[in-house]
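Visitor: Quick one, what's the 3D model for this:
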Amino acid sequence: MSQGVRVHRIPASRIYHDLAGATDAVLVQAEALIAEDRRRRPPAPSTIGSSLRSTDGTPPAASRGR
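Guide: As a prediction, this is how the structure comes out:
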């Protein structure tokens, strides 16, 4: 954990007998870690103001001087 790595151990028997449950457990753990990380860190500078651009990176028509 001191190096930013977490281990989520799943017994092989659970994977063999309940693959869907095992994968759901991994997803739940990953979502919790992502949410925790978002609460601790401010947004990256590249994401600030990203709503001002369209998906192709061009500014909206109103800001193009029309």
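Visitor: alpha carbons only for contacts and neighbour counts from here, please
Guide: Fine.
Visitor: Would you mark the buried spots in stretch 32-43?
Guide: By 16 or more other C-alpha atoms under 10 Å, stretch 32-43 has no buried positions at all.
Visitor: Report the spatially closest residue to residue 10, excluding sequence-adjacent ones.
Guide: Counting by C-alpha to C-alpha, 6 or more residues apart in numbering, residue 22 is the residue found nearest to residue 10 once chain neighbours are left out, at 7.1 Å.
Visitor: And the one you found, how close does it get to residue 30?
Guide: Residue 22 sits 13 Å away from residue 30 when distances are taken as C-alpha to C-alpha, to the nearest Å.
Visitor: More neighbours: which of those two?
Guide: When residue 22 is set against residue 30 and neighbours are counted by other C-alpha atoms under 10 Å, the residue ahead is residue 22, at 16 against 13.
Visitor: what about residue 25, neighbour count?
Guide: Here the neighbour count serves as a burial measure; for residue 25 (other C-alpha under 10 Å) it reads 14.
Visitor: and it, how far is that from residue 37?
Guide: Relative to residue 37, residue 25 is positioned 18 Å away (C-alpha to C-alpha).
Visitor: can you check residue 13 too?
Guide: Here the distance between residue 13 and residue 37 works out to 31 Å (C-alpha to C-alpha).
Visitor: do residue 2 as well
Guide: 15 Å.
Visitor: Equivalent analysis for residue 4, please.
Guide: Using C-alpha to C-alpha, residue 4 is found at 11 Å from residue 37.
Visitor: What of residue 6?
Guide: Summarising the geometry, the distance separating residue 6 from residue 37, computed by C-alpha to C-alpha, is 13 Å.
Visitor: Might you list the low-confidence residue ranges for this protein?
Guide: Segments of the chain classed as low confidence (criterion: pLDDT under 70) are 43-66.
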